[in-house]
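*Asks:* Predicted model follows, preceded by the sequence.
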Amino acid sequence: MLAIACAPPPEREITVGMTEYAFLPNTIEVATAQRIRIIVRNTGRTEHDFAPDQRGVALGLKHLHLVPGASDSFDWTAPADPTEVRIICTIVGHEGLGMVGKLIVKPR
Ligand SMILES: [Cu+2]
């Protein structure tokens, strides 16, 4: 019933900014099995989204779409094995203008 209350707190908070036209930082490095809180903020003047690739979605990363000035967050546990996930902004044209990022899961 209260399973969520039993979840361990994140070990780390990572804030990612989205602006025209970049993720800041554009590379996030975490350790295998690390519990993190990902906070995404749209500090730009247009809509942006934080869209992980299929592998990232399969690993439980969320797709967040934010209007200017908005922020959202989610807690996530990195997988036990090293991997790499690509993150883009899917708003038309933004990926080509540089809104591409990477989340790298490294061995501890
Ligand atoms: Cu964008």
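*Replies:* Noted; the coordinates are in hand.
*Asks:* What residues does the residue lying closest to G56 once chain neighbours are set aside make contact with?
*Replies:* The spatially closest residue to G56, leaving aside those adjacent along the chain, is V85, at 3.6 Å (CB to CB, 6 or more residues apart in numbering). For the C-beta atoms, the positions are set from N, CA and C on the backbone; glycine is no exception. Applying CB atoms under 8 Å, 6 or more residues apart in numbering, we find V85 in contact with 52-53, 55-56, 59, 61, 102-103, 105.
*Asks:* same question, Y21
*Replies:* 89, 94, 97-99.
*Asks:* Can you list the buried residues in the helix or strand containing the residue nearest to G56?
*Replies:* Assessed by DSSP states H and E, V85 sits inside strand 83-88. Buried residues in strand 83-88, counted by 16 or more other CB atoms under 10 Å: 85, 87-88.
*Asks:* Can you tell me which of the residues you listed is closest to the ion?
*Replies:* Nearest to the ion among the buried residues of strand 83-88: I88, at 8.6 Å, using CB to the ion.
*Asks:* Which positions in this structure make contact with the ion?
*Replies:* Residues of the chain lying near the ion by CB under 5 Å from the ion: 48, 89, 91, 94, 99.
*Asks:* tell me what the helix or strand containing F23 is packed against?
*Replies:* Assessed by DSSP H and E, F23 sits inside strand 22-24. If you count contacts as 3 or more CB pairs under 8 Å, 6 or more residues apart in numbering; DSSP states H and E, strand 22-24 packs onto strand 12-19.
*Asks:* pLDDT averaged over the strand it packs on - what is it?
*Replies:* Strand 12-19 carries an average pLDDT of 97.
*Asks:* That one pairs with which strands, and in what direction?
*Replies:* Sheet pairing of strand 12-19 (DSSP bridges) gives strand 22-24 (antiparallel), strand 35-42 (parallel).
*Asks:* Which parts of this protein are helices?
*Replies:* For the chain, helices defined by DSSP state H occupy the ranges 3-6, 54-58.
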